[in-house]
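Asks: output the structure for:
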Amino acid sequence: MELLSTILVWALSQTASEPLTLEEALKIAEQNAYSLKIADNRLARAKEIERSARGAFGPNVTLGGNVSRSDVRFPSSGGTGAPGGGGGPTSTNQTTSQVTASVIQPIDISGTIGAGLNSTVFLRRSQEAAIAAEKNNLRSQVRIAYYQVLQAEELVKVQEAGLIANKDRLAKAEIRLREGAIARFDVLRLETEVKKSEQDLLEANTSVRLAKQVLNNTLARPVETEFTVAAVEGFPTLEPSADQVVEAAIAQRPEIVQLDLLAKAAEKQADFAKRGLAPSLGAFANYNRTFNGGGFNPEQTLTVGLQLSYTVFDSGITKAQVKSAQKDAEQAQIQLEQVQLAISLEARSAFLQASTAREAFSLAQKNVELATEALRLAQLRYDEGAGILLEVTVAQSDLTAARAGLVNANYRYLSAFATLQKAIGSDSVKALPAREPEVQPAESPSP
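Replies: Numbering: from 1, shown residues only. Modelled structure (predicted):
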């Protein structure tokens with residue numbers, strides 16, 4: 001037992017030391033997310049409702065029984081007050097037991113049961129689409145939170161590089177100060193730059209901790225869970241156009257599928273309500289067995305037949321239910337159109353943001369190249385005595401800011417791409433395959 005515990009602890013420590021990949025984070029989120037658990041619960045409930053509707057097609061069997069006791073009194077044969085009359089009144093006790101079995105098999109001649117079942121089928125399918133929609137939203141949240149951790153860690157590296165550069169510059173300045181080559185003011189300025197870099201690094205490390213807590217919360221696990229993240233390989237490209245993105249979003253978004261199914265469920269519910277006054281037919285069989293019935297009561301009876309019922313008047317209840325169901329169907333259709341319009345706007349906006357972020361990334365790369373060259377020239381001028389230290393410190397700050405801008409632009413694009421994936425409703429941001437052209441029937445030749 002102790003050996004097993006040791007092996008388990010070692011395995012857990014090995015697992016914990018492995019970097020968390022984006023795919024692993026997505027799996028953890030789907031396993032832990034409370035929103036998905038609630039959606040799964042709703043789906044299970046919808047399945048039970050559908051199962052109940054299917055059960056309406058099957059037979060209904062009931063068993064019953066009763067026990068009765070009769071106490072019968074008979075008056076005396078001689079009558080009251082007769083001379084030399086006979087004996088007093090007599091009584092008889094009788095216990096009777098009866099067992100009843102009934103079987104009723106509905107026959108859906110009007111399609112009422114089928115209409116009710118169709119409504120529950122569409123409701124169940126809409127809940128399946130709701131789970132897909134929740135997963136789509138969750139995956140986008142996890143990706144963005146994961147990218148924020150990577151972004152915060154890379155910003156720490158940028159601040160560390162700036163701090164190292166400033167410390168190295170300060171060490172060289174102190175040597176030159178002892179040699180009398182520079183003024184004390186230059187050393188004081190560099191010491192200030194080092195302190196500022198240390199403060200920036202401290203804030204960057206704090207941002208890492210906060211970003212990890214946000215990711216842990218998105219994964220629905222304790223926020224203080226320790227982990228490291230693996231770098232994301234590759235740089236996604238935008239292949240489709242804005243119009244193609246909108247087309248893919250309308251075709252693939254689970255929310256549209258869900259609302260379309262809800263609209264169909266409402267239509268089926270209205271159809272079910274319309275059949276409320278339709279005739280119903282059922283085959284039945286009743287079996288009775290009586291014990292100790294006595295007299296002329298039969299011991300067994302079996303009755304079979306068909307039962308037809310037709311509601312002639314229900315005080316307007318069915319009519320009101322039909323109108324209510326029709327309004328529900330109209331409302332579902334309105335919501336569907338509203339969501340289609342909103343998703344179209346969301347997809348187009350996500351595409352434009354991703355495109356803008358992609359251009360901003362290219363500009364940030366140029367800024368880093370420019371800032372690197374500016375620092376090289378400022379340092380060279382300062383070393384040759386042709387420049388001042390302020391030019392160097394400003395150039396160093398500009399380079400650090402440019403590197404941070406490049407990191408921010410990189411993960412801004414990745415986050416925008418994740419938003420675009422969510423807007424389309426798919427991990428693959430590609431145009432839908434072209435539809436096959438409809439074949440037109442050949443015209444008949446002219447006579």
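Asks: quick one, strands of the stretch 1-150 of the chain?
Replies: For the stretch 1-150 of the chain, the strands defined by DSSP state E, counting those that start in this stretch occupy 60-74, 90-107.
Asks: looking at the ones you listed, which is buried most?
Replies: Greatest average neighbour count among the strands of the stretch 1-150 of the chain goes to strand 90-107 (a mean of 13), per mean count of other Cβ atoms under 10 Å. Yep, even glycine has a C-beta here, placed from its N, CA and C like the rest.
Asks: show me what that one is packed against.
Replies: strand 60-74, strand 280-291 (3 or more Cβ pairs under 8 Å, 6 or more residues apart in numbering; DSSP states H and E).
Asks: among those, which is nearest E337?
Replies: Taking Cβ to Cβ, strand 280-291 is the member of the helices and strands packed on strand 90-107 nearest to E337, at 37.0 Å.
Asks: rewinding a little: okay, the strands of the stretch 1-150 of the chain in a markdown table with distance to Q199 and mean pLDDT next?
Replies: Formatted as a markdown table, the strands of the stretch 1-150 of the chain follow (distance: least, Cβ to Cβ, whole Å; pLDDT from 0 to 100):
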| stretch | distance to Q199 | mean pLDDT |
| --- | --- | --- |
| strand 60-74 | 78 | 81 |
| strand 90-107 | 78 | 83 |
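Asks: any idea which of the ones you listed gets closest to P254?
Replies: Per Cβ to Cβ, nearest to P254 of the strands of the stretch 1-150 of the chain: strand 90-107, 35.8 Å.
Asks: ok, D314 - how many residues close by?
Replies: By other Cβ atoms under 10 Å, 12 other residues sit near D314.
Asks: that older thread, just put the strands of the stretch 1-150 of the chain in CSV and tack on distance to L352.
Replies: Shown next, in CSV, are those (distance: least, Cβ to Cβ, whole Å):
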stretch, distance to L352
strand 60-74, 60
strand 90-107, 57
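Asks: reformat the helices and strands packed on strand 90-107 as a markdown table; add distance to I182.
Replies: Formatted as a markdown table, those follow (distance: least, Cβ to Cβ, whole Å):
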| stretch | distance to I182 |
| --- | --- |
| strand 60-74 | 101 |
| strand 280-291 | 103 |
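Asks: indicate which one of those is closest to K195.
Replies: Across those, the minimum distance to K195, taken as Cβ to Cβ, is reached by strand 60-74, at 84.2 Å.
Asks: got the angle for that closest one vs strand 90-107?
Replies: Angle of strand 60-74 versus strand 90-107, following axes from the mean of the first three to the mean of the last three Cα atoms, to 10 degrees, is 160 degrees.
Asks: rewinding a little: so which of the strands of the stretch 1-150 of the chain comes closest to A386?
Replies: Nearest to A386, of the strands of the stretch 1-150 of the chain and by Cβ to Cβ, is strand 90-107 at 100.5 Å.
Asks: relative to S397, which of the helices and strands packed on strand 90-107 is closest?
Replies: Once the helices and strands packed on strand 90-107 are compared by Cβ to Cβ, strand 60-74 is nearest, at 82.7 Å.
Asks: show me how far that closest one is from its chain's centre.
Replies: 57 Å (Cα atoms, centre = their mean, to the nearest Å).
Asks: one step back: out of the helices and strands packed on strand 90-107, which gets nearest to N205?
Replies: With Cβ to Cβ as the criterion, N205 lies closest to strand 60-74 of the helices and strands packed on strand 90-107, at 69.5 Å.
Asks: by contact count, what packs against that closest one?
Replies: By 3+ Cβ pairs under 8 Å, 6+ apart, strand 60-74 packs against strand 90-107.
Asks: so which residues of this protein form helices?
Replies: Secondary structure of the chain, counting by DSSP state H: helices at 2-17, 22-32, 34-55, 112-178, 184-218, 242-252, 254-274, 317-383, 389-424.
Asks: may I see those arranged in a markdown table, with distance to T311 as well?
Replies: Listed next are those as a markdown table, based on distance: least, Cβ to Cβ, whole Å:
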| stretch | distance to T311 |
| --- | --- |
| helix 2-17 | 66 |
| helix 22-32 | 49 |
| helix 34-55 | 21 |
| helix 112-178 | 11 |
| helix 184-218 | 55 |
| helix 242-252 | 44 |
| helix 254-274 | 13 |
| helix 317-383 | 8 |
| helix 389-424 | 50 |
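Asks: now these in JSON lines, with mean neighbour count and mean pLDDT?
Replies: Formatted as JSON lines, the helices of the chain follow (neighbours: other Cβ atoms under 10 Å; pLDDT from 0 to 100):
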{"stretch": "helix 2-17", "mean neighbour count": "9", "mean pLDDT": "45"}
{"stretch": "helix 22-32", "mean neighbour count": "16", "mean pLDDT": "95"}
{"stretch": "helix 34-55", "mean neighbour count": "15", "mean pLDDT": "93"}
{"stretch": "helix 112-178", "mean neighbour count": "19", "mean pLDDT": "93"}
{"stretch": "helix 184-218", "mean neighbour count": "17", "mean pLDDT": "94"}
{"stretch": "helix 242-252", "mean neighbour count": "18", "mean pLDDT": "92"}
{"stretch": "helix 254-274", "mean neighbour count": "21", "mean pLDDT": "90"}
{"stretch": "helix 317-383", "mean neighbour count": "16", "mean pLDDT": "92"}
{"stretch": "helix 389-424", "mean neighbour count": "21", "mean pLDDT": "92"}
